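Asker: please work out how this folds:
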Amino acid sequence: MRLFRAPPISHAPALQQPRRGGVLRMANRMSAETVGDRRHRLAAIVCLLGSLWLTGCSTGLLGMPGAALFSERLADKSSAEKSEDAKKAGKSLRRKKEEDNDFGSRVETPLLSEYIGMQGDGLVTLKGVGLVTGLNGQGGDPAPSGLRTQLQNEMARRGVKDANRILSSPDTAMVVVIAYLPTMCRKGQKFDVRVVLPPDARAKSLKGGWLLETRLFEEHEINNQVSLRPQEYAVAGGAILTGLGVEEVRGERQAELMAGTIPGGAISKIDRDLRIMLLSEKRGIRNAQRVAEAVSSRFHKYNKYNEKISCAEAQTDALVTLQAHDRYRNNIPRYQAVIRSIALKESDVSRRMRMESLARDVMDPERCQSAALQLEAIGEDAAPFLRDALKSDNFEVRFAAAQSLAYLGDPTGVSVLKEAATNQPAFRVYALVALSVIHEDAEAIMALRELMNSGSLETRYGAMRALKELDPLDPFLHPIEFKNRFVVHVIDSDGEPMVHVTRRRMTEVTLFGAEQGLRLPAVLNAGDRLRIIGESGDDSVEVIRYALNAEPERYQVRNRLADILRVLGELEASYPDVVQFLVEADSQRNLMGPFGIDRLPQTGRVFSRRNEREGGEDSAAGDAAAATESDTGSGKARRVGNPRLVPELFDTLDATEAADNETAEKLQSLDFSRVTEADKARASATGRPKMQVLEEESDAEGDSVEEAPVSGPGRAVNADAEASAGPGEQSSAADADKAAAGSNKDDSDNAEPETAETAEVSEKPARPGFFSRFRRPFGHLTEPEAEPEP
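Answerer: Below is the predicted model:
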């Protein structure tokens, strides 16, 4: 079978004709293309020769002296292109990380600490020139100077006539007024003032003086010359609190009367805010707005119209102004730390993952502080993770969680904060400040009331100040206010009677123990015109007010310290007069309990992790915590906080005052009852008087020390020292050893039991010498020094 049928023969010639014509046309086309190819090949050859010629020229140029500069420019261009490529790659990598944060397992969130720094958290020095009156002949006419001219101009501005006559009066003195404007100070806020006589002043003392209203300005330098800014920052005035002039050296005694302080004597006339400055590499209006939005999303406040306003506002591409949040206004350092811990940009998924990671970190004692700050910066969503940390066996973990919860308004950790304030002096200041921000919570108020029954005066007064900040109208404070002079708080506490006065921020007297009185007999002074006299065995005391050319006024007052202070206030006594009265009473042992001046909790104290069980834990939990610390090697002491960053609820003390307060707290916490009971037991067992038993034991201990063989490095040193000393020095050293051996026993029972009152005085342990100028009888002020007999 044939698959294809041949075409008809008649069509064959017709098909062959066009085939011959196509061949001719193809041949002509090939000849034309050959000519074009030849032209292209010729052009390519010419280009190749030209490129070879250019290559030779470039090689010659590179061999010339300026070739190095040419190559560097080429390299710079290539490096710029590479850096541009790197930036593009970095942006793509960041976008990829942000996408991975939504669905990945690892979160890298940028915090504000990587973008910002803080400014405006230091003190601003304010100065002015003022006039002090009421010096009772201790003043003097100031010498001609620029300060005198400035004071005369100020008096002329106020319309004072005959200024020279006033300045030359012996009852007035020109002074330099210095104050420090606090961080984030609000308009109307009070702060301390220091008053100093100029170096060439003729005045002798500022005791009993009153500073008239003085304007304060900021000091700055222009062309190496100190001047004051024209803006008025504050006004100052009030009664001057000086030392009592009881130093042993005459020069020191006079120097402490030539300067003084006015607690809360200055009133601010401006609002001072913090400034958030963007780092130089992060500056830009977009970044500034993002920072302001991140802070405002976490912190906001309400104005007087109850409108919600943000705490941060972008001003320029590098500046964001920051207002204080109400909950942090008494702890600005923590406010700054929380702001630095806020995330700049974060999705919901990445925030949840970061909270879970921080929940693990907060259980680690080494990382619990930073983790708790980041959880606190997140807000109320992180509160469940902080509440879980309260169940930890480690005290530091529990405290970090309780502190952050307090600033979130959660009272769950009140018991932990109370434990820290009672048993951990290193954490006491932070615990009290945290308790003062838990508003409208009965548990926090009751905890502060119970802390005012503590055996520590520092804890009592710190709790009182925290409660006053939390609820100024709390009836437990029982204030007795004498307008523009001072306030007396009568606390009905169950502990030992105590008295506290302040030299900073406020004119305030606090009595812990409403029914405490004076130990009589007593003769005490309150200024130059008031005197308190009480006879032994009386139930009342006599308050006498003296006046020139008039008979003394006498008032009978019940022997109750609160009533005596009330009468002094009604008789127009100033705060320095009241402080003088209480200092004299303490120096003469007329007070029934400890007396303290500025016993304020401080930062920067040492905390030993081996002593966690002292915080009130049960034995099993304490053993577990101690075992955990010993296993991890973390049982070392560490310093808690910066000594210079004290929360604004309290005041920063100098090194000497802080050390004296710590010593006083340690002495106050000593328990002498066991030693007293042991002495009584030994005396009753032998049937001899206690004094005889103690003397025999002291002699026996001295004999044993002399007859003991020299052994050990410590004894060898003592033996060498005694061998090198003379006979008289050896006997005095032996007497000192005997005295040291008997000093560990309570000498209160050695005295004859004349009266119960005398016994109480003798059993009162010795206190440290802080404010030693306040510890001597007031007689040193009025009686002249006796001349030595020839």
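
Asker: quick check: closest non-adjacent residue to Ile309.
Answerer: Asn303 (5.5 Å; Cβ to Cβ, 6 or more residues apart in numbering). In this view, the C-beta of every residue, glycine as well, is placed from N, C-alpha and C.

Asker: isn't Glu584 up against Asn525?
Answerer: Yes. Between Glu584 and Asn525 there is a contact under Cβ atoms under 8 Å: 6.3 Å.

Asker: comparing these two, which residue is more hemmed in?
Answerer: Glu584 (23 against 17; other Cβ atoms under 10 Å).

Asker: surely that one forms part of a helix?
Answerer: Yes. Judged by DSSP: H, G, I helix; E, B strand; the rest coil, Glu584 forms part of a helix.

Asker: and it, how far is that from Leu591?
Answerer: 10 Å (Cβ to Cβ, to the nearest Å).

Asker: repeat that for Leu241.
Answerer: 20 Å.

Asker: do Leu216 as well
Answerer: With Cβ to Cβ as the criterion, Leu216 and Leu591 are 37 Å apart.

Asker: kindly report the same for Glu648.
Answerer: Glu648 is 31 Å from Leu591, by Cβ to Cβ.

Asker: helix, strand, or coil at Gly596?
Answerer: Applying three-state DSSP: Gly596 is strand.

Asker: low-confidence regions, the stretch 501-650 of the chain specifically.
Answerer: Applying pLDDT under 70 to the stretch 501-650 of the chain flags residues 610-635.

Asker: hang on, the earlier thing: Leu216 and Leu591: who's more crowded?
Answerer: Leu216 (25 against 21).

Asker: nearest spatial neighbour of that one, chain-adjacent residues omitted?
Answerer: The nearest residue in space to Leu216 (Cβ to Cβ, 6+ apart) is Leu126, at 4.0 Å.

Asker: please tell me I have it right and the one you found contacts His220.
Answerer: No. Leu126 is not in contact with His220 according to Cβ under 8 Å; the separation is 11.3 Å.

Asker: between the two, who's got more neighbours?
Answerer: Shown here are Leu126 and His220; by other Cβ under 10 Å, Leu126 has more neighbours (25 against 11).

Asker: ok, now which ones touch the more buried one?
Answerer: Ile178, Ala179, Tyr180, Leu181, Leu216, Phe217, Glu218, Glu219, Tyr233, Ala234, Ala266 (Cβ atoms under 8 Å, 6 or more residues apart in numbering).

Asker: buried sites along the one helix or strand Lys666 maps to?
Answerer: If you go by DSSP states H and E, Lys666 is part of helix 655-669. The neighbour-count check on helix 655-669 (16 or more other Cβ atoms under 10 Å) flags Glu657, Ala658, Asp660, Asn661, Glu662, Ala664, Glu665, Gln668 as buried.

Asker: verify the stated contact: the fourth one with Gln602.
Answerer: Yes. With contacts counted by Cβ under 8 Å, Asn661 reaches Gln602, the gap being 7.4 Å.

Asker: need the overlap of contacts for the two.
Answerer: Shared contacts of Asn661 and Gln602, counting by Cβ under 8 Å, 6+ apart, come down to Leu653.
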